[in-house]
Each structure stands twice: as C-alpha cells, then as structure tokens.
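1. Predicted model, plus sequence, below.
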Amino acid sequence: MENTKKNLIIKIVILVLALAIAAVAAVDFWTLRHYKEKIVTSPYLTEVKWFSDYVPSLKNTWLDTPVFIFDSGVEGGTVFLNGCPHPYEPASTMAAYLMIENLEIEKGKVIIVPRCNFSGSTEGMAGDAYPMFFSVETEWGEEKYKIGDRYTNPLDQWPDPFTYVNYPSGQNLAYQDIRNLNRTYPGREDGTISERAAYAVLEIIRNENVDIAIDMHEAEILYPVTSTYVAPAKVLDRDHFLETGEMVYVEPEESSLDIAMMAAMNIDQFLMKCSASPNTLHGLSHREWADWSDALTFLMETPEIFIDKITGPRTEDLMYTGSDEFLQRVTDKGLTYFPYEMEFGTPMWYRVGRHLSGAMEIINWAGLFYPEKECIVSWPLYDEMAEIEEQGIDSVGYFLKNPNAPENKDRVFTVYYKPVDNN
C-alpha cells in the first residue's frame with residue numbers, strides 16, 4: 001500500500017512538472033504566433049492590398065498578408081519585390097521593411113510583400129532550437145522581429161503527403177515541400193493554403209502587369225547558389241503546353257539572364273554570381289514566375305550562415321552577426337561557396353544591404369535594357385549602410401522609423417494576418 005502511494009505521488013509530481021513545462025512552451029508558442037511587427041510606411045505609399053484581394057479564399061487565414069503599393073502616377077515599369085518566402089531567412093523581410101519605410105519614387109510603380117509566407121513566421125524550425133526573435137538597436141530602443149520557419153506552419157496546413165507532386169509540372173518533390181512556398185509555384189486557386197498563396201503571388205504579377213519580379217532569399221554558404229542571382233535563360237511555351245500538355249522551352253524575347261549578368265558584374269562592393277534557372281526544376285519562383293507571367297524574373301540569395309548545419313548554437317547573436325568558428329574552419333579547408341571571414345561574419349546589415357543594392361542593380365539595368373520598363377525609385381543602399389556601421393551605429397535600426405513618434409502616427413502599419421486588426 002505504501003509503495004502504491006509513493007508511486008502515485010511520483011506520477012502526480014511528474015504530471016504537474018510536465019503540465020508546467022507545457023504551459024511555459026504554450027506561452028512561447030502563442031507569443032510568437034501572435035507577435036505583431038510595426039512599420040512606418042513611406043509617404044509615397046498609395047495603397048495596401050492583401051493576398052485575399054487576389055485569392056478571396058485566403059481571407060482571415062494565416063497566409064493572408066499585406067501588399068504595399070507605391071505608384072508614382074508617372075508611366076513606367078512596375079517592380080514586384082517579394083520578402084519572406086522562407087521566414088527563417090529574415091534579411092529578406094528586413095530589406096523589404098527598409099524599402100517600405102524609406103522608398104521614394106519618381107516614375108513607375110513598386111509593389112512589396114514583406115512577409116509572403118506569414119504562417120511560416122509564426123513558428124520555429126523543429127529540432128533546431130532556434131530563437132524566436134532577433135533584436136535591432138534603434139535610437140528609441142530595441143525593436144524585435146521574428147525569425148520563423150522555412151515552411152507553412154503545420155497548424156495551418158496538415159498533413160503532408162508521402163510525396164508532394166507539383167502542379168502542373170507533375171514533378172515529385174519531398175513531402176514537406178507541399179508547405180514550402182518556393183516549391184509550390186505557380187500554385188492553384190483551389191489547392192492547399194500554400195498553393196493558394198503561391199497562386200496569389202502570380203496573380204499579383206499578372207494582374208498588376210509587373211515588368212520586373214524579384215524574389216529575395218538567403219542561403220547557406222555550404223550551398224552553391226549562395227551570393228547569386230538566378231534568372232531563366234529559357235521560358236515555357238505556354239500556348240504549346242496548354243494545347244498539348246508538353247513542356248517545351250524557348251528563348252524569351254526579353255532576357256532576365258542578360259540583366260542579371262550585367263547587374264552581377266557591376267556590383268563591386270560584394271561578391272554576386274549569376275546562374276541560369278534549370279528548365280526541369282519546378283515549383284521555384286525563378287522558374288514558374290517566368291513561365292506563367294510576362295515579367296522579367298529574378299531570385300537573389302544572400303549568405304546566411306545561421307542556416308548552415310555545422311555551426312555552433314543557434315543563438316540570436318549568430319543570426320545577427322553571422323560569426324562562427326566552425327564555419328571558419330570549413331572555409332579554411334575550401335569547402336564553402338563564399339569567402340567567409342569569421343571576424344566580419346555575415347551580419348544582418350550586410351545581408352540587408354546586399355538585397356537593397358542587388359535589387360536596385362536589377363531595376364536600373366532592366367530600365368537600360370528596356371526603356372519602357374524604367375522605374376525611378378530610391379531607398380538606402382549597401383554603401384550608405386556601410387558608412388553608418390563605420391560610425392558604430394546599427395544601420396538597420398538607423399533606417400527604421402519610430403512608430404511611437406507623433407509625426408509618424410498616421411503612417412504606422414501593423415503587419416498581422418487579419419486586415420481588421422490594422423489601424
């Protein structure tokens with residue numbers, strides 16, 4: 001009898017401890033899922049739409065997300081910039097935020113999606129002990145931003161199939177890629193929630209008559225495509241495919257790859273390579289945006305060691321500074337695809353600055369190649385950020401605007417998943 005009581009007490013203690021741990025974890029999960037990021041939009045903002053304006057079934061889902069439109073009113077090219085297709089690559093979102101807050105436009109139109117896969121930003125990478133947030137130093141204090149996962153949150157799309165079959169190519173991909181936004185293009189209006197979000201992106205590009213479409217990513221330095229522009233050399237003959245179902249690729253009348261090569265050669269502040277999009281690798285933006293729209297299509301990758309698999313602990317400091325001794329050892333052995341130096345690292349400002357200048361090079365060269373697509377726009381660039389850093393100031397925070405300042409109160413926008421929650 002006494003042993004039975006002891007066993008019961010032990011079981012109760014274990015149960016209470018388990019419930020306590022679960023409660024702490026639940027608070028963290030809820031906090032990340034519902035965290036709201038505030039931005040101060042540029043005075044040049046003309047309209048905010050949502051994915052649900054293009055695909056109504058996304059309304060009030062965790063993949064509905066804001067679309068910021070800056071229209072100069074002067075005829076010119078239309079540029080689409082896509083941030084956060086993979087939320088655990090947060091420099092793409094921070095670059096989009098700096099664009100939205102600082103953008104000035106004289107000609108054409110710019111469309112920016114800062115959190116394309118909002119659902120994926122509401123969780124962390126399972127099993128990798130990621131921090132939930134990273135902090136940016138500003139003149140009014142620290143601002144926190146989410147890191148997130150690579151995939152759509154399983155709370156919003158589940159279960160995964162044994163094999164994911166991309167539509168309409170029929171290509172087999174890994175099971176989890178059904179929740180990978182950059183494997184589900186061109187998407188389907190009646191597909192999974194990730195496919196509907198992918199379809200919304202293509203609908204923006206098609207309906208807004210986008211001329212230049214840029215997808216912003218980050219990549220491991222152990223991955224060959226890091227520090228690279230990816231653009232298609234050939235595009236799908238859509239008429240032939242719709243008539244016969246056969247995928248035949250032809251040279252386009254206007255070349256994204258030529259623009260990407262010129263942009264890569266013209267950048268001298270940092271390494272930028274250029275790669276042609278494979279015709280047979282389906283589901284990715286640099287392939288499907290070009291195949292299913294008339295836009296000049298580009299993908300950009302910055303070096304982010306935080307997602308390399310052989311680093312030290314995944315800490316906020318590693319995310320923000322990109323300094324790691326293990327990657328240095330691997331680099332010293334010639335096994336990386338980026339000239340990594342631990343003392344400098346791959347800091348957030350560096351990766352954000354690369355996106356800002358990398359996108360601007362594409363926009364400028366596209367206008368030179370095709371004058372009717374010219375878009376005259378400005379935002380902070382890599383050199384400006386480097387100058388601020390030399391003064392010992394966090395240049396990402398320097399270019400952010402204070403959402404609490406009275407002069408900004410009418411331009412504060414809360415990036416959240418329901419339009420009704422915004423002021």
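-> Ah, there it is.

2. tell me which element residue 68 falls in.
-> strand 66-71 (DSSP states H and E).

3. Go ahead and name everything in contact with the next helix-or-strand element following that strand.
-> Next along the chain after strand 66-71, taking DSSP H and E as the criterion, comes strand 78-82. Residues outside strand 78-82 that contact it (Cβ atoms under 8 Å, 6 or more residues apart in numbering): 92, 96, 99, 108-113, 116, 201, 204-205, 208-216, 285, 295, 359, 363, 375, 377. Bear in mind the C-beta positions are built from the backbone N, C-alpha and C, glycine included.

4. and the helix or strand of the chain with the lowest mean pLDDT, which residues are buried?
-> Here the helix or strand of the chain ranked lowest by mean pLDDT, DSSP states H and E is helix 2-34, holding a mean of 90. Neighbour counts using 16 or more other Cβ atoms under 10 Å place 32-33 of helix 2-34 among the buried residues.

5. what sits up against the helix or strand just after it?
-> Next along the chain after helix 2-34, taking DSSP H and E as the criterion, comes strand 37-40. For strand 37-40, contacts defined as Cβ under 8 Å, 6+ apart pick out 97, 100-101, 114, 145-146, 400-403, 408, 411-415.

6. change it to 7 Å
-> By Cβ atoms under 7 Å, 6 or more residues apart in numbering, the surrounding residues in contact with strand 37-40 are 97, 100-101, 145, 401, 403, 408, 411-415.

7. Can you pull the phi and psi angles for the most centrally placed residue in the chain?
-> In the chain, the C-alpha nearest the mean C-alpha coordinate belongs to residue 84, at 2.1 Å (Cα atoms, centre = their mean). The phi/psi pair for residue 84 (degrees, to the nearest 10) reads phi 70, psi 40.

8. in whichever strand or helix holds residue 329, what's buried?
-> Residue 329 is located in helix 325-332, with elements delineated by DSSP H and E. Residues of helix 325-332 classed as buried by neighbour count (16+ other Cβ under 10 Å): 327-328, 330-331.

9. following it, which helix or strand comes up?
-> With secondary structure assigned by DSSP H and E, helix 325-332 is succeeded by helix 348-369.

10. hey, C-alpha coordinates of that next one in CSV?
-> Extracted in CSV, the C-alpha atoms of helix 348-369 (Å, rounded to 0.1, in the frame of the first residue of the first chain):
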residue,chain,number,x,y,z
MET,A,348,22.3,41.4,-40.7
TRP,A,349,23.1,44.9,-42.1
TYR,A,350,25.4,43.3,-44.7
ARG,A,351,22.8,40.9,-45.9
VAL,A,352,20.0,43.5,-45.9
GLY,A,353,22.3,45.9,-47.7
ARG,A,354,23.1,43.3,-50.4
HIS,A,355,19.4,42.9,-51.1
LEU,A,356,18.8,46.6,-51.2
SER,A,357,21.7,47.2,-53.7
GLY,A,358,21.2,43.9,-55.5
ALA,A,359,17.5,44.7,-56.3
MET,A,360,18.4,48.3,-57.3
GLU,A,361,21.0,47.0,-59.8
ILE,A,362,18.4,44.8,-61.4
ILE,A,363,15.9,47.6,-61.6
ASN,A,364,18.4,50.0,-63.1
TRP,A,365,19.7,47.5,-65.7
ALA,A,366,16.2,46.4,-66.7
GLY,A,367,15.4,50.1,-67.5
LEU,A,368,18.6,50.4,-69.5
PHE,A,369,17.8,47.2,-71.5
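
11. Any buried residues in that helix, and which?
-> In helix 348-369, counting by 16+ other Cβ under 10 Å, buried: 348-367, 369.

12. contact partners of the helix or strand in which residue 204 is found?
-> When elements are assigned from DSSP H and E, residue 204 belongs to helix 193-207. Residues from elsewhere that reach helix 193-207 (Cβ under 7 Å, 6+ apart): 51, 54-55, 57-58, 61, 63, 67, 80, 82, 111, 116-117, 152, 156-157, 178-179, 181, 184-189, 213, 289, 292-293, 295.

13. Which residue is the nearest non-sequential neighbour of residue 53?
-> Of all residues not flanking residue 53 in the chain, residue 67 sits nearest, at 7.5 Å (Cβ to Cβ, 6 or more residues apart in numbering).

14. how many neighbours does residue 78 have?
-> Residue 78: 20 surrounding residues under other Cβ atoms under 10 Å.

15. Okay, residue 364 and residue 100: tell me how far apart.
-> 20 Å (Cβ to Cβ, to the nearest Å).

16. what are the ranges of the helices in the stretch 51-200 of the chain?
-> Ranges of helices in the stretch 51-200 of the chain, per DSSP state H, counting those that start in this stretch, are 51-54, 91-102, 193-207.

17. want to try TSV for those, with distance to residue 271 and mean neighbour count as columns?
-> What follows is the helices of the stretch 51-200 of the chain, written out as TSV (distance: least, Cβ to Cβ, whole Å; neighbours: other Cβ atoms under 10 Å):
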stretch	distance to residue 271	mean neighbour count
helix 51-54	34	21
helix 91-102	16	26
helix 193-207	28	24
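
18. closest one to residue 305 among the ones you listed?
-> helix 91-102 (11.8 Å; Cβ to Cβ).

19. Show me what the closest one is packed against.
-> Under the contact criterion of 3 or more Cβ pairs under 7 Å, 6 or more residues apart in numbering; DSSP states H and E, helix 91-102 touches strand 37-40, strand 109-113, strand 212-219, helix 348-369.

20. now these in TSV, with mean pLDDT and distance to residue 4?
-> Below are the helices and strands packed on helix 91-102 laid out as TSV (pLDDT from 0 to 100; distance: least, Cβ to Cβ, whole Å):
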stretch	mean pLDDT	distance to residue 4
strand 37-40	97	54
strand 109-113	98	61
strand 212-219	98	57
helix 348-369	98	58
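
21. Format those as TSV; extra columns: distance to residue 278.
-> Putting these into TSV (distance: least, Cβ to Cβ, whole Å) gives the following:
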stretch	distance to residue 278
strand 37-40	35
strand 109-113	25
strand 212-219	16
helix 348-369	20
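
22. neighbouring contacts of stretch 371-385?
-> Taking Cβ under 7 Å, 6+ apart as the rule, stretch 371-385 contacts 76-77, 79, 98-99, 102-108, 110, 211-212, 269, 349, 353-354, 356-357, 360, 363, 366-367, 395, 399.
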